[in-house]
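Engineer: Provided below for reference: sequence and predicted model.
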Amino acid sequence: MTMTVSLGFYKIIYNWVTEEGTERALFKPFQINGNPYKSRVFLVGMNPNPVLIVEENSTGIFADALVDMELLHDLYRPQLAQAPREFKGSMQFAAWMKEQFGEDIVLTSVNAYQTNVAKELKVIKNTDPTNYERGMDIFKEVVDEFQPEIIILQGTAALEQFKSLYYETLIVDDSSIPLKVQELENVGVFAEMYYSNGNNVKILAVRSMAYFGKDGTSFEKFKKNLSELLNKDSE
């Protein structure tokens with residue numbers, strides 16, 4: 001079920017989307033088809049792509065599009081058609097989660113700064129360090145605001161950046177430390193954190209969703225671990 005963004009929520013999103021001190025929309029903090037406050041699961045990549053141009057005075061409709069996949073695709077169909085395979089695979093995973101578990105998942109990124117390809121982020125780190133850092137701060141604010149029960153990190157870059165961001169609070173299973181993301185995918189929960197209110201979040205890792213396809217046939221162990229976790233949490 002989709003939703004329309006309230007005035008109060010729009011104010012939060014506006015601060016996440018726009019460059020501080022300007023109305024330039026540089027960031028995409030998240031997207032979901034429904035209410036992010038009701039989502040139990042975050043799927044986290046390294047950074048959002050492709051770049052979605054938010055025209056002047058149109059942040060309101062962009063905010064609505066962040067919680068309405070159909071509207072997002074209507075507004076940005078040409079750009080999304082050129083999106084990398086990881087974005088398309090993430091959408092397929094989101095559809096699978098909805099079909100299998102009735103879950104509307106939040107798609108987000110460790111750095112919210114929009115680029116067309118991930119390697120551009122390395123350039124931005126040097127050419128626009130303030131907004132590069134802001135992109136990571138936005139991610140942490142999104143996590144704190146919605147407080148998912150499960151965070152799935154896709155790909156090595158997202159995994160390593162997440163560990164760097166949360167090194168002070170992340171409780172990592174020592175046996176998982178030497179494992180690569182392809183191995184962590186089969187482990188299930190390899191780390192946990194606690195929010196300031198005491199709520200717990202479980203952390204999983206997985207290969208890029210570029211390889212997921214329609215049904216994730218090569219992700220069977222990961223899907224089994226996730227299914228057991230979701231069913232346990234809903235008991």
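Structural biologist: Ah, there it is.

Engineer: quick check: residue 85 touching residue 213?
Structural biologist: No. Using Cβ atoms under 8 Å, residue 85 is not in contact with residue 213, being 10.2 Å away. All C-beta atoms are positioned from the backbone trio N, CA, C, and that covers glycine.

Engineer: so for the two, which residue has more residues nearby?
Structural biologist: Counted by other Cβ atoms under 10 Å, residue 85 and residue 213 do not tie: residue 213 has more neighbours, with 15 against 12.

Engineer: specify the local secondary structure of that one.
Structural biologist: State at residue 213, reduced to three classes by DSSP: H, G, I helix; E, B strand; the rest coil: coil.

Engineer: now do the contacts for it.
Structural biologist: Residue 213 makes contact with 89, 92, according to Cβ atoms under 8 Å, 6 or more residues apart in numbering.

Engineer: same thing but 6 Å
Structural biologist: For residue 213, the contact set (Cβ atoms under 6 Å, 6 or more residues apart in numbering) is empty.

Engineer: and it, what's its pLDDT?
Structural biologist: pLDDT recorded at residue 213 is 90.

Engineer: which residue would you name as the spatial centre of the protein?
Structural biologist: Note on the chain: the residue nearest the mean C-alpha position is residue 108, at 1.8 Å, using Cα atoms, centre = their mean.

Engineer: distance of that one from residue 168?
Structural biologist: Distance, residue 108 to residue 168, using Cβ to Cβ, to the nearest Å: 21 Å.

Engineer: before we move on, back to that, checking my notes, the residue nearest to the centre of the chain in a strand, right?
Structural biologist: Yes. Secondary structure of residue 108 (three-state DSSP): part of a strand.

Engineer: which residues does it bridge with?
Structural biologist: Beta-bridge partners recorded for residue 108 (DSSP bridges): residue 44.

Engineer: tell me who's in contact with it.
Structural biologist: Counting by Cβ under 6 Å, 6+ apart, residue 108 touches 30, 42, 44, 142.

Engineer: just the ones in strands from those residues, please.
Structural biologist: Of the positions in the contacts of residue 108, 42, 44 sit in strands, assigned by DSSP state E.

Engineer: neighbour-wise, give me the winner out of the contacts of residue 108.
Structural biologist: Neighbour counts for the contacts of residue 108 (other Cβ under 10 Å) peak at residue 44, which has 27 neighbours.

Engineer: who's in contact with residue 222?
Structural biologist: The contact partners of residue 222, taken as Cβ under 6 Å, 6+ apart, are 185, 206.

Engineer: against residue 141, how distant is the closest residue to residue 195 other than its chain neighbours?
Structural biologist: Spatially, and ignoring its direct neighbours in sequence, residue 195 is nearest to residue 147 (5.5 Å; Cβ to Cβ, 6 or more residues apart in numbering). Distance, residue 147 to residue 141, by Cβ to Cβ: 12 Å.
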